[in-house]
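Novice: Mind looking at a prediction? Sequence and model below.
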Amino acid sequence: MSEQTPAVHVLNKMANFFVLEEGQGLTLIDTGNKDKLENLRRKFEQLGLDLQALRRIVVTHSHYDHVGSLLALKQAVAAQVLAHRDEVPFLTQAKRIPRPAGVPGFLFWLSEPLFRAPAIAVDQVLLDGSMIEGTGLQVVHTPGHTPGHICLYHAGRKALFTGDGLVNNQGKLSGPVPFFSSDIKQARASLTRLAELDIETFYFAHGETMRGISKEILRSLAGLSIPVAVAGK
Ligand SMILES: [Zn+2]
Ligand SMILES: [Zn+2]
């Protein structure tokens, strides 16, 4: 990616979210925590982008720090909302996310409705391996953090948008945070899927973008409950 034509813009509102400027129209990956529409519009303008050019919003999962502005955006622009089939009932709020194990997990689960974003309909249902038309993005179903959690892989850029499937805490990598995760064992096992991909750049929802994480590290994280310090680039 050259400096003159940046195709991936990183925004932040509690969680990182991303605008992709390539293919047909603009694509947003997640929306961050709830924000005012004017703020979002201004953030787009600062990047030289028009919010009205947003065509699709791909949702990694339904936690509020990822979908806080989803409904407001959907009402303001002609964008489609895309999510994995197994995440749809949580986005529409037909069902609650399965409760994480342990006391901290229970407390998170108990308080989660207080922060929850408004219910939203999904326009396009995704499955593992789905290609997202007009973007070069492919869906990698990585269940466990939530049942329908996805990472998004761009083979052309060798880039992965991790959602909460992989977390970078100031150079220490781990799978998802246990007490936010519906099934932490399954979430860690999902990391082995990432080791099958050819990835150079990791765009985290939580933590700085990193390059050069080996497949061995990804595989080892799948069996670990402690973070691993990584000398990424
Ligand atoms: Zn999450
Ligand atoms: Zn998150």
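Specialist: That came in fine, so what should we check first? Ligands and ions are numbered 1, 2, ... in the order given.
Novice: tell me the contacts of the most centrally placed residue in the chain?
Specialist: With distances taken as C-alpha atoms, centre = their mean, residue 163 lies nearest the centre of the chain, 2.7 Å away. Residues near residue 163 by C-beta atoms under 8 Å, 6 or more residues apart in numbering: 30, 60-61, 66, 142, 145, 149-152, 205. (Each C-beta comes from the backbone N, C-alpha and C, glycine too.)
Novice: Can you tell me which of those residues end up in helices?
Specialist: residue 66 (DSSP state H).
Novice: Redo the contacts of residue 163 as CSV? Include neighbour count.
Specialist: What follows is those, written out as CSV (neighbours: other C-beta atoms under 10 Å):
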residue, neighbour count
30, 28
60, 29
61, 28
66, 27
142, 30
145, 30
149, 30
150, 32
151, 26
152, 25
205, 27
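Novice: which one of the contacts of residue 163 sits closest to residue 185?
Specialist: residue 145 (11.5 Å; C-beta to C-beta).
Novice: Test my guess that the closest one contacts residue 164.
Specialist: Yes: in this structure, residue 145 is within contact of residue 164 by C-beta atoms under 8 Å, at 4.9 Å.
Novice: joint contacts of those two?
Specialist: Common neighbours of residue 145 and residue 164 (C-beta under 8 Å, 6+ apart) are 61, 176, 180-181.
Novice: picking up where we left off before, quick one: the residue nearest to the centre of the chain from residue 26, how far?
Specialist: 19 Å (C-beta to C-beta, to the nearest Å).
Novice: With residue 72 instead?
Specialist: With C-beta to C-beta as the criterion, residue 72 and residue 26 are 16 Å apart.
Novice: same thing with residue 175?
Specialist: Residue 175 is 30 Å from residue 26, by C-beta to C-beta.
Novice: Who has more neighbours out of the two?
Specialist: Using other C-beta atoms under 10 Å as the criterion, residue 175 and residue 26 rank with residue 175 on top: 27 against 24.
Novice: now that one: how far from residue 131?
Specialist: Counting by C-beta to C-beta, the gap from residue 175 to residue 131 is 26 Å.
Novice: Same check on residue 209?
Specialist: To residue 131, residue 209 is 23 Å away according to C-beta to C-beta.
Novice: So for those two, which sits in the more crowded spot?
Specialist: residue 209 (16 against 12).
Novice: give me phi/psi at the closest residue to the more buried one other than its chain neighbours?
Specialist: For residue 209, ignoring the flanking residues on the chain, the nearest one in space by C-beta to C-beta, 6 or more residues apart in numbering is residue 203 at 5.3 Å. When read as degrees, to the nearest 10, the backbone of residue 203 gives phi -100, psi 110.
Novice: Could you shift the numbering so residue one becomes 745, and keep it that way?
Specialist: In the new count, where the first residue is 745, that last one comes out as residue 947.
Novice: Verify the contact between residue 947 and residue 909 for me.
Specialist: No: in this structure, residue 947 is not within contact of residue 909 by C-beta under 8 Å, at 11.5 Å.
Novice: Looking at these two, which is more packed in?
Specialist: A direct count of neighbours by other C-beta under 10 Å for residue 947 and residue 909 places residue 909 higher, at 29 against 24.
Novice: Please identify the buried residues of whichever helix in the chain runs longest?
Specialist: Secondary structure of the chain per DSSP H: the longest helix is helix 846-859. For helix 846-859, a neighbour-count test (16 or more other C-beta atoms under 10 Å) marks 849, 852-853, 856 as buried.
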